[in-house]
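Asker: sequence first, then the predicted structure:
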Number of protein chains: 2
Amino acid sequence: MDSRVREHAEVIVDHSTSVEAGDDVVVSGSPEAEDLVVAVMELLGERGANPHVSMGSDRAMRAFLRAADPEEFEPPAHTEALFEASDVLISIRAASNVNERSDVDPEVNAAHSATRKAVRDVAMDRRWVGTQYPASGNAQKAEMSTEAYEEFVFDAVLKDWEAQRAHQEQLVEVLADADGVRIRSGEATDVRLSIAGNVVRNDYAEHNLPGGEVFTAPVVDSVEGEVLFDKPVIVQGREVLDARLVFEGGEVVEHDAGKNGEVLTSLLETDEGARRLGELGIGMNRDIDRFTYNMLFDEKMGDTVHMAIGMAYEDTVGEGNERNDSAVHTDMIVDMSEDSTIEVDGEVVQRDGTFRFEDGFEE
Amino acid sequence: MDSRVREHAEVIVDHSTSVEAGDDVVVSGSPEAEDLVVAVMELLGERGANPHVSMGSDRAMRAFLRAADPEEFEPPAHTEALFEASDVLISIRAASNVNERSDVDPEVNAAHSATRKAVRDVAMDRRWVGTQYPASGNAQKAEMSTEAYEEFVFDAVLKDWEAQRAHQEQLVEVLADADGVRIRSGEATDVRLSIAGNVVRNDYAEHNLPGGEVFTAPVVDSVEGEVLFDKPVIVQGREVLDARLVFEGGEVVEHDAGKNGEVLTSLLETDEGARRLGELGIGMNRDIDRFTYNMLFDEKMGDTVHMAIGMAYEDTVGEGNERNDSAVHTDMIVDMSEDSTIEVDGEVVQRDGTFRFEDGFEE
């Protein structure tokens, strides 16, 4: 077995979920990730944990969803019981074909996902991590050979996460008591927002592996200006290019796109919260140096910021501040590597992708 | 997809487990069986059931067991919670290599199995079925090509189970109020035992798919005589050939074997119950016409009887009768196709594999 797979397993078991003797652990994922499941299971044996392997099948789930009547969907009490009785949940994504569910009615997908909310809430309350195994379908989606994609994934995952945490903490400190954030990039992006009172989180690969972002929630009504998202936005499997949003009083008042504009329109019309921002994130994982159509990686890319339309995470909203709620949470990315700045309370903290606490920063 | 896989799924969902709308169903098995998992999931969608797919990995379980300290094994509370909250359990075996656990210490395997007793008890209390998908490793073990093995499996599984039930019920009626059973085969087998007061079960593929046997428990002290088991007996992955047991007062008082006799000795020395019989079964699935080193099939083979050393199933022991208890339950098979009779209370009910209620029976 590739020694990097064993190292990946070590990060999962020891860093992300801190497995201890006696922990009841669920290992879910896809059979395509079997090597990583084997490596994780060996470590769970060494740590004295108690595993339940529960791999799924995209083909099987597609067959179920196409045959089922969404009006008969019920919350899965048995899955919830499994998670409820567990200490640690390890979820490993991998696909030989990322389009396996592309011919499932989006409304059926959405209805099925909605019945699983209680399961997700229980899961979020455990020690949990979601990670990626470099399977051929994911490599294909990234437009890479499987071997090059393996290298990409392992570079992003096998980091000194304590060093990464400390590095990112410098940005957390800048943002922690800040009010106004202004993001400019090229001619098309100049947006101001407040994060006053909200909570700035340091993602160093506890729940997402790879991790590598600093994120918080904008104050709901504070967003003003316009943003061109120059990386593709994926909405229910469809690609919106060059999405442009104009904000007034926190709300999107104008929008267009270079491709699939109508998909963007329908996203923004989901509900009231879908016209407001729920997240501002700053990517800081410099080993993620390309867009791979996989948000687990894309949103942590170095030299980028992302904003999410829709739902704000509870742990990013300060007491007394409003939390934007919505059925959607769609991340959208701006390249910050050239002709770009992030200003915090009037001071430039990042120019052309380089932070003020890094070498090469130009005042 | 092979249409026989869809038919197999129909037998599982509609005959063996009678899935209904709203049932919480766990589908476990191996990724090698994905086609059948897909077909089962499609039917679960059509029936309005609520599925949890939970495939395992022999490689991963081997890695866990080799790394673990058996003294740290604990009953898996999360697996038990999953089963407890389920109505139906569908378990699909399939292997690309049936020897995946051959380098796990047998004592570790046994210790791990022991911690799962509560899980098995919960499972037996649900609607459950165990079945086989014709994977390449299972075909190899059967010394068959994969395609020929597929045909073998589907012939054994895709039967008119109501007709099979009715056919087998004729034997159940013969045995139901019987006392003495005598089994003779060739020169080497002549054994008498009582089944008085015990319960005769008709296996028509509710819990085992394929099904196809009639079985009960011998009265514990009643077994007298000797038996040559002329089909291989598999004990912890090792093959005992031509095992011969001599019984007095229900107990094995003499034994030998043509190969691996010491494995047979150690089996009989497991505990006191391992020297007594826990089951007498009569194979009645004539589509199982060869030995494939897979007890799910072998014990139902037409023209055979089997006796199990060790534990008797609770549902075969009549009120007031003693139940033989043991940590083991090892089925051992006698070929009855030639020079053989089964007598019940002095009357021949099977001669050379043909029952008295079948054409061609010679009085």
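Answerer: Done, it's in.
Asker: contacts and neighbour counts: CA atoms only from here.
Answerer: OK.
Asker: for the record, mean pLDDT for whatever helix or strand residue A:265 lives in?
Answerer: For residue A:265, the host element (DSSP states H and E) is helix A:261-268. Per-residue pLDDT over helix A:261-268 has a mean of 93.
Asker: with just CA atoms, put the helix or strand that residue A:63 is a member of into CSV.
Answerer: Using DSSP H and E, residue A:63 sits within helix A:58-67. Extracted C-alpha coordinates of helix A:58-67, given in CSV (Å, rounded to 0.1, in the frame of the first residue of the first chain):
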residue,chain,number,x,y,z
ASP,A,58,-23.6,5.8,-5.4
ARG,A,59,-25.1,3.4,-7.9
ALA,A,60,-27.3,1.8,-5.3
MET,A,61,-28.4,5.2,-3.9
ARG,A,62,-29.2,6.4,-7.4
ALA,A,63,-31.3,3.3,-8.0
PHE,A,64,-33.2,3.8,-4.7
LEU,A,65,-33.8,7.5,-5.4
ARG,A,66,-35.1,6.9,-8.9
ALA,A,67,-37.5,4.2,-7.8
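Asker: stretch A:95-108 near chain B at all?
Answerer: No - residues of stretch A:95-108 are not located near chain B by Cα under 8 Å from any Cα of the partner chain, the shortest gap being 11.8 Å.
Asker: off-centre distance for that stretch?
Answerer: With Cα atoms, centre = their mean, to the nearest Å as the basis, stretch A:95-108 stands 19 Å off its chain's centre.
Asker: cool, and stretch A:54-68?
Answerer: With Cα atoms, centre = their mean, you get 23 Å for stretch A:54-68.
Asker: how about stretch A:241-251?
Answerer: Centroid displacement of stretch A:241-251 relative to its chain, using Cα atoms, centre = their mean, is 21 Å.
Asker: what residues of the helix holding residue A:265 count as buried?
Answerer: Using 16 or more other Cα atoms under 10 Å in any protein chain shown as the test for burial, helix A:261-268 gives A:261, A:263-264, A:267-268.
Asker: want to throw these into CSV with distance to residue B:355?
Answerer: Formatted as CSV, the buried residues of helix A:261-268 follow (distance: Cα to Cα, whole Å):
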residue, distance to residue B:355
A:261, 75
A:263, 70
A:264, 73
A:267, 70
A:268, 74
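Asker: ok, the helix or strand just after the helix holding residue A:265: who's next to it in the sheet?
Answerer: Downstream of helix A:261-268, the first helix or strand assigned by DSSP H and E is strand A:277-283. Sheet pairing for strand A:277-283, assigned by DSSP bridges, gives strand A:213-216 (antiparallel), strand A:304-310 (antiparallel).
Asker: tabulate these (TSV), appending mean neighbour count.
Answerer: Formatted as TSV, the strands paired with strand A:277-283 follow (neighbours: other Cα atoms under 10 Å in any protein chain shown):
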stretch	mean neighbour count
strand A:213-216	25
strand A:304-310	24
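Asker: which regions of the stretch 251-363 of chain A lie under the pLDDT threshold?
Answerer: Scanning the stretch 251-363 of chain A for pLDDT under 70 picks out no residues.
Asker: all helices of it, in order?
Answerer: Using DSSP state H, counting those that start in this stretch, the helices found in the stretch 251-363 of chain A span residues A:261-268, A:295-298.
Asker: what about the ones you listed, which gets the closest to chain B?
Answerer: Of all these, it is helix A:295-298 that lies closest to chain B, at 23.7 Å by Cα to the nearest Cα.
Asker: list the contacts of the closest one.
Answerer: Contact partners of helix A:295-298, identified using Cα atoms under 8 Å, 6 or more residues apart in numbering or on different chains, comprise A:131, A:208-210, A:288, A:290-292, A:331.
Asker: what residue is smack in the middle of chain A?
Answerer: The residue lying closest to the centre of chain A (Cα atoms, centre = their mean) is residue A:296, at 4.5 Å.
Asker: near chain B, anything from stretch A:45-59?
Answerer: Yes - using Cα under 8 Å from any Cα, stretch A:45-59 reaches chain B at A:45-48, A:50-57, A:59.
Asker: what residues sit buried inside stretch A:119-134?
Answerer: A:119, A:122-123, A:126-134.
Asker: please apply the same query to stretch A:219-232.
Answerer: Buried residues in stretch A:219-232, defined by neighbour count with 16+ other Cα under 10 Å: A:219-232.
Asker: over to stretch A:84-99?
Answerer: Residues A:84-98 are the ones in stretch A:84-99 that count as buried (16+ other Cα under 10 Å).
Asker: the stretch 51-200 of chain A: strands as residue ranges?
Answerer: According to DSSP state E, counting those that start in this stretch, the stretch 51-200 of chain A carries its strands in the segments A:88-93, A:127-132, A:180-185, A:189-194.
Asker: between those, which one is nearest to chain B?
Answerer: Short answer: strand A:88-93, nearest of the strands of the stretch 51-200 of chain A by Cα to the nearest Cα, at 10.6 Å.
Asker: the closest one versus strand A:127-132: what angle between them?
Answerer: Here the directions of strand A:88-93 and strand A:127-132 differ by 10 degrees (axes from the mean of the first three to the mean of the last three Cα atoms, to 10 degrees).
Asker: then stretch A:320-335 to CSV, C-alphas only?
Answerer: Presented in CSV, the C-alpha positions along stretch A:320-335 are these (Å, rounded to 0.1, in the frame of the first residue of the first chain):
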residue,chain,number,x,y,z
GLY,A,320,-27.0,38.8,19.6
ASN,A,321,-26.2,38.9,15.9
GLU,A,322,-28.7,37.7,13.4
ARG,A,323,-28.0,34.3,11.7
ASN,A,324,-28.8,34.2,8.0
ASP,A,325,-31.0,31.1,7.4
SER,A,326,-31.7,29.3,4.1
ALA,A,327,-32.1,25.9,2.6
VAL,A,328,-28.9,26.5,0.5
HIS,A,329,-25.3,27.2,1.3
THR,A,330,-23.4,27.7,-2.0
ASP,A,331,-19.7,28.7,-1.9
MET,A,332,-18.5,31.0,-4.6
ILE,A,333,-14.8,31.8,-5.1
VAL,A,334,-12.8,34.9,-6.1
ASP,A,335,-9.2,34.6,-7.3
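Asker: what are the contacting residues of it?
Answerer: A:185, A:197-198, A:219-220, A:228-233, A:235, A:270-274, A:276-278, A:295, A:299, A:303-314, A:317.
Asker: endpoints of stretch A:142-151, how far apart?
Answerer: Start-to-end span of stretch A:142-151 (Cα to Cα, to the nearest Å) is 13 Å.
Asker: can you give the distance of that stretch from its chain's centre?
Answerer: Offset of stretch A:142-151 from its chain centre (Cα atoms, centre = their mean): 20 Å.
Asker: again with stretch A:162-172
Answerer: Centre-to-centre, stretch A:162-172 and its host chain are 18 Å apart (Cα atoms, centre = their mean).
Asker: can you tell me the average pLDDT over that stretch?
Answerer: On average, stretch A:162-172 scores 98.
Asker: ok, stretch A:83-100 next?
Answerer: On average, stretch A:83-100 scores 96.
Asker: if anything else comes up later, I'll come back, but that's it for now.
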